[in-house]
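Participant: Would you be able to build a 3D model of this:
(one chain, ligands or ions: 2)
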Amino acid sequence: MTTQAQQTVTYRNYVNGEWVAASTQQLDASINPANKSEIVGYVQKSGKEDLDRAVQAAKSAQIGWRKLSGATRGDYLYKVADILEKRTDEIAETMTREMGKTLPEAKGETARGVAILRYYAGEGMREIGNVIPSTDSEALMFTTRVPLGVVGVITPWNFPVAIPVWKIAPALIYGNTVVFKPAQETAVTAAKVIQCFAEAGVPAGVVNMVMGDGPVIGHGIAAHPGIDGVTFTGSEQVGKSVGQTALARGAKYQLEMGGKNPVIVLADADLDQAVEATIIGGLRSTGQKCTATSRVIVERAVYEPFKEKLLARVNELKIGDGREKETWMGPCASEKQLRTVLHYIEKGVEEGATLLCGGKQPDGEALKNGFYVEPTVFEHVNSGMTIAQEEIFGPVLALMKVDSLEEAIELANDVEYGLSASIFTKNIGHILAFIQDIDAGLVRINAETAGVELQAPFGGMKQSSSHSREQGRAAIEFFTAVKTVFIKP
Ligand SMILES: NC(=O)C1=CN([C@@H]2O[C@H](COP(=O)(O)OP(=O)(O)OC[C@H]3O[C@@H](n4cnc5c(N)ncnc54)[C@H](O)[C@@H]3O)[C@@H](O)[C@H]2O)C=CC1
Ligand SMILES: O=C(O)CCC(=O)C(=O)O
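Facilitator: Ligands and ions are numbered 1, 2, ... in the order given. The predicted structure follows:
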């Protein structure tokens, strides 16, 4: 019989084409949030010296990588995609064990990583500039694009495959080299993604991974003079400090941060469709998506039937280990996240909202060792309450009642964030008003607030992002700089 000690692997940093232990000789255990006594793997707790080596490797590899044709860089990404695709089941299983989302969700995310790699592989063959008529009739004027140089990639734990891939793939295709710092909570999954780059033969130094704590390696990336651009996804507080640190030394930065995403349900909505989208948008991945539905704003005429249908569906959801077939919703990704969610639930009750269902850790022998929380629905929530304003990042929905579309949009916009927003209605006039007036980077009609597509721009308004966009062709704006060229015979 194999023991856990025999099975538990130690994952190393990837620097200059080699798997290396951190100079600190310190490790963290990455644990399974569905069963906190299960160690998924040991990961490096690196120091500044490890980061310096990775930056040096990325710098040395940069010119060689930039000088390859886009098509050749694309061929490497196609190879990475093929390898990731072959390893989908294994990597998805690791993701579920390491951060708790259900296996079908983890498989879907890994498949999305494959599709993103292929999308950006093709990008190596697409145009990178425009010809602009010069006022000099003998001259040729055009724009072209060049890479930034070395890009630092700082990612969270909620999409441990998709987010790193949607940052690393465009960075590489446009000719940058990368220093990647994954969230420590999901560093095993990240290491498996980087194994795919290594196995595909991506040249040494082009992709480097340094695991470690945010304030050490994450901050170190933002502050490092050898890093030309920093792309970050995570909390608003950390994002802003990353942005300020990068700006202070004149580096380019891009931040994707929180959301407080509303769904509006109008009186003429298909209520079954709206309920299903609210459940999926709000509670899939245990509500741990920046695009998750958090506020549910319902017109008075349909409030009661909507609430009844919603509660009936929520009460059916099966909580459990994401590896089990019957499980609909897994645990929170970490103890810290569980504490945050419970804190917000407590705050909701304290501030006078009415708890309709959930609100606590579920009972049951099978669940007592994991970071589980019940899907939770509040009503009588007003905009002044903390649960109506702050990002919870957990399976918590706040119901709010309104009398008109205008009131609904006003309420929806009454937060600091502006990432995604949905409306359920059949009225074209209401749809057009919503598209026009809602403060959100992703505007969704008769669809859940989550559900990002890789070929379209992704990003938010207000405090949700640094006003930049990721994914699709929009990625070229961050990962390259424009040169305007004027040629005269
Ligand atoms: N927009 C999104 O997709 C995400 C939002 N969040 C929000 O953030 C809250 C806290 O989650 P955390 O994991 O603590 O997020 P976080 O913002 O602390 O972590 C995100 C990444 O930043 C790194 N980091 C941490 N401190 C840093 C620093 N001082 N300088 C540079 N990098 C640093 C982390 O190691 C991780 O790689 C959640 O409750 C949720 O509200 C969390 C994850 C993803
Ligand atoms: O909804 C999605 O698929 C992406 C969400 C996201 O980027 C995030 O939560 O960080």
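
Participant: any idea which helix or strand of the protein has the worst average confidence?
Facilitator: For the chain, using mean pLDDT, DSSP states H and E, the weakest element among its helices and strands is helix 4-7, scoring a mean of 56.

Participant: packing partners for the following helix or strand past it?
Facilitator: Read in the C-terminal direction, the helix or strand following helix 4-7 is strand 10-11, with elements assigned using DSSP states H and E. When contacts are defined as 3 or more Cβ pairs under 8 Å, 6 or more residues apart in numbering; DSSP states H and E, strand 10-11 sits against strand 35-44, helix 187-199. All C-beta atoms are positioned from the backbone trio N, CA, C, and that covers glycine.

Participant: now with 10 Å?
Facilitator: With contacts defined as 3 or more Cβ pairs under 10 Å, 6 or more residues apart in numbering; DSSP states H and E, strand 10-11 has these neighbours: strand 27-32, strand 35-44, helix 187-199.

Participant: Can you tell me the strand partners of that strand and which way each runs?
Facilitator: Counting by DSSP bridges, the strands paired with strand 10-11 are strand 35-44 (parallel).

Participant: roughly how far is the partner strand from the heart of the chain?
Facilitator: What separates the centre of strand 35-44 from the centre of its chain is 22 Å, taken as Cα atoms, centre = their mean, to the nearest Å.

Participant: what does stretch 231-239 give?
Facilitator: Between the centre of stretch 231-239 and the centre of its chain there are 10 Å (Cα atoms, centre = their mean).

Participant: pLDDT averaged over that stretch - what is it?
Facilitator: Per-region confidence: stretch 231-239 scores 98 on mean pLDDT.

Participant: Over to stretch 408-419?
Facilitator: Mean per-residue pLDDT for stretch 408-419: 98.

Participant: Show me which residues of it are buried.
Facilitator: For stretch 408-419, the neighbour count (16 or more other Cβ atoms under 10 Å) marks 408, 409, 411, 412, 413, 414, 415, 417, 418, 419 as buried.

Participant: Mind giving me the packing neighbours of the host helix or strand of the second one?
Facilitator: Residue 409 belongs to helix 405-413 when elements are defined using DSSP H and E. Counting by 3+ Cβ pairs under 10 Å, 6+ apart, the packing neighbours recorded for helix 405-413 are strand 261-265, strand 293-299, strand 396-402, strand 420-424, helix 428-437.

Participant: so which of the ones you listed comes closest to ligand 1?
Facilitator: Nearest to ligand 1, of all the helices and strands packed on helix 405-413, is strand 293-299, at 10.5 Å by Cβ to the nearest ligand atom.

Participant: Residues in contact with whichever helix or strand comes after the closest one: which ones?
Facilitator: Past strand 293-299, further along toward the C-terminus, the next helix or strand under DSSP H and E is helix 300-316. With Cβ atoms under 10 Å, 6 or more residues apart in numbering as the contact definition, helix 300-316 has outside contacts at 265-269, 271-272, 274-276, 278-279, 282-283, 296-299, 328-329, 356-358, 374-377, 379, 395, 397, 399-404, 407, 424.

Participant: Give me the buried entries from these.
Facilitator: For the contacts of helix 300-316, a burial check counting by 16+ other Cβ under 10 Å picks out 265-267, 269, 271, 274-275, 278-279, 282-283, 296-299, 328-329, 356, 358, 374-377, 379, 395, 397, 399-402, 407, 424.
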